[in-house]
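Visitor: Structure for the following, please:
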Amino acid sequence: MSRTLNLIDAGWTSVRSAAAGGRRSDALARVSKLLARPDLPAAVAAEAHRLAGDLLTDAERYSEARRHLRAAAALAPACARTFYLWGLACERDPHGCDRRAALRFRAASRLEPRNPLYRAAFGRAAVRCDRVKAGVRELLAAAAAAPGDFPVIRVVADGLLEAGRLDAARRVLDRAKFRCRNAAAAGELAALAERVRFESARTGQREATRHRQDAEFARDGGRVVLPFVRVAGGGVVRRDVVSRPRPHFPRLLN
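Guide: Take a look at the predicted model:
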């Protein structure tokens, strides 16, 4: 038994070493070989399935990743990170389901309520499921809990943009830039701020165009082509004139 445990420990150590060294393909091959052992302890099996799910998600093999993460959750149902990774495997899959991702992120957040990244991920997923009010509440709470944590702020800003809360996204990014001391993170924060400015300008331009069109249709005495105009027989295009009120002299004479 001792020799078997030593072999398992050595195998698991080599898997983690390969993953930490960036040799993901090697790590995935090693963890698959380790999981094939029938005598693998449940605790090691749960960690191995979790790592396999993470590696497969990065490799964009989402269906396989979810299968491993489902197995990890069955072996260790109290592990919040398993449900977070499971949510990512649903969220990043082009054929995945936002609702399933939201359920996994919510489970992770409930298991570890002090983790702002899990809360932010749930908030963004809720926005994508049209639960905008609840999603924005979770996003702002996550930002307040970790105002200088860039991975959290990135998810928060992205979720607020998708919710159309541009002013809130701007405030979150302004606070994060004030606290940021990392050059790479500062560059990404600047890119996010630029995206917020672009969306604000685009929204403003769209609103201005709509108001201008409304004013054009309501202009007193002007001639406009109505949106439902169609070409009638003979090629004549109908044009309507805004009606003017006329004095009711005949009524007064009666």
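
Visitor: Which residue ranges of the protein form helices?
Guide: Secondary structure of the chain by DSSP state H: the helices cover 2-20, 24-35, 42-58, 62-75, 80-91, 98-111, 116-128, 132-145, 150-163, 166-179, 183-218, 249-253.

Visitor: mind listing what's buried in the fourth one?
Guide: Within helix 62-75, the residues that qualify as buried are Y62, E64, A65, R66, R67, H68, L69, A71, A72, A73, L75, counting by 16 or more other Cβ atoms under 10 Å. In short, each C-beta sits where N, CA and C put it, glycine included.

Visitor: Burial-wise, tell me which of the helices of the chain comes out on top.
Guide: helix 116-128 (a mean of 27; mean count of other Cβ atoms under 10 Å).

Visitor: so what's A146 up against?
Guide: If a contact means Cβ atoms under 8 Å, 6 or more residues apart in numbering, then A146 has P116, L117, V152, I153 as its contacts.

Visitor: from those, which single one is nearest A48?
Guide: Nearest to A48 out of the contacts of A146 is L117 (Cβ to Cβ; 23.0 Å).

Visitor: Of the buried residues of helix 62-75, just say which sits nearest to S14.
Guide: Within the buried residues of helix 62-75, the smallest distance to S14 is 18.4 Å, found for H68 (Cβ to Cβ).

Visitor: and the closest one, how far is that from D98?
Guide: Distance of H68 to D98, given as Cβ to Cβ, to the nearest Å: 21 Å.

Visitor: do the same with G53
Guide: Taking Cβ to Cβ, one finds G53 at 19 Å from D98.

Visitor: just L85 next, same as before
Guide: L85 sits 16 Å away from D98, taking Cβ to Cβ as the criterion.

Visitor: contacting residues for L28?
Guide: The contact partners of L28, taken as Cβ under 8 Å, 6+ apart, are A52, L55, L56, A59.

Visitor: Hmm, A27 and the last one touching each other?
Guide: This means A59. No - using Cβ atoms under 8 Å, A59 is not in contact with A27; the gap is 10.8 Å.

Visitor: Where does pLDDT dip in the stretch 151-254 of the chain?
Guide: For the stretch 151-254 of the chain, residues meeting the criterion pLDDT under 70 lie at 181, 183-184, 204-254.

Visitor: repeat that for 80
Guide: Residue ranges of the stretch 151-254 of the chain with pLDDT under 80: 178-187, 189, 200, 203-254.

Visitor: I'd like the distance between the spatially closest residue to A185 that is not a sequence neighbour and A191.
Guide: Using Cβ to Cβ, 6 or more residues apart in numbering and skipping residues adjacent in sequence, the residue nearest A185 is F150, 4.2 Å away. When Cβ to Cβ is applied, the distance between F150 and A191 equals 12 Å.
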